[in-house]
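Enquirer: Provided below are the primary sequence and the corresponding predicted coordinates.
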Amino acid sequence: MLAVIAHWRKIHDEDFAVVHDATANFFRHRNLWERITNTDVPDQSHRLGDGSDVEFPLRVVSTAAVDSRENRSIQFCDVLAGLVARHFDPRTEGDDRKLIDDVIEAGLGCLDYNGIRPSFVWPDEIPPRRLSGPDAVDRMTQMIFGAHNSGRPAV
């Protein structure tokens, strides 16, 4: 999460509201996250594992859990994360490996580890209201179903 916030912090000066999956292990270390995002930390620069720096305070104004059963964007991210985790799991074999290989062939292989990026349209309320028009989830869904409809391997 720190790397994600650091990435966007380098691009935008605005404060951030973090929305995450309520069923994830995100808050296993809730106290640590609250300390990291505390607005009272002194101004400082912190070196990240990739050699870049992130400035503190992070300016995360809120962190909210959303039930993925009620939010399709979070559901979709769960599905993608699960597929990618299965892809890199050496225990994935047989029919499961074939399915993952088909999903990669259908379009998932076109993404890199940080390939799904939100647009520069920020939510104007928390929790975010549904917007019209193609967003990252719409484009990925279109890519997957477009491959399905074109005779390429289906998801």
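Expert: Thanks, I have the structure now. Numbering: from 1, shown residues only.

Enquirer: Next one, pLDDT for Ile116 please.
Expert: pLDDT, Ile116: 44.

Enquirer: ditto for the one 3 residues further on
Expert: At Ser119 the predicted local confidence, pLDDT, stands at 48.

Enquirer: what's near enough to touch Ile11?
Expert: Counting by CB atoms under 8 Å, 6 or more residues apart in numbering, Ile11 makes contact with nothing. C-beta here means a position set from N, CA and C on the backbone, and glycine is covered the same way.

Enquirer: quick one: the residue nearest in space to the middle of the chain from Leu32, how far?
Expert: Centroid-nearest residue in the chain: Cys77, 6.1 Å away (criterion: CA atoms, centre = their mean). Distance, Cys77 to Leu32, using CB to CB, to the nearest Å: 22 Å.

Enquirer: Give me the secondary structure label for Ala17.
Expert: strand (DSSP: H, G, I helix; E, B strand; the rest coil).

Enquirer: Show me the beta-bridge partners of it.
Expert: With DSSP bridges as the criterion, Ala17 is bridged to Ser62.

Enquirer: Give the residue spans of the protein that score low on pLDDT.
Expert: 23-24, 111-123, 127-128, 130-131, 133-155 (pLDDT under 70).

Enquirer: ok, which stretches of it are strands?
Expert: Secondary structure of the chain, counting by DSSP state E: strands at 16-21, 44-47, 53-56, 60-66.

Enquirer: what's the closest of the ones you listed to Ala81?
Expert: Between Ala81 and the strands of the chain, the tightest spacing by CB to CB is seen for strand 16-21, at 9.2 Å.

Enquirer: Next, the angle from that closest one to strand 60-66.
Expert: Going by axes from the mean of the first three to the mean of the last three CA atoms, to 10 degrees, strand 16-21 is angled at 20 degrees with respect to strand 60-66.

Enquirer: Centre of the chain to strand 16-21, how far?
Expert: 10 Å (CA atoms, centre = their mean, to the nearest Å).

Enquirer: repeat for stretch 38-57
Expert: Per CA atoms, centre = their mean, the centroid offset for stretch 38-57 relative to its chain is 21 Å.

Enquirer: Go through it and flag the buried ones.
Expert: By neighbour count with 16 or more other CB atoms under 10 Å, stretch 38-57 contains the buried residues 54, 56.
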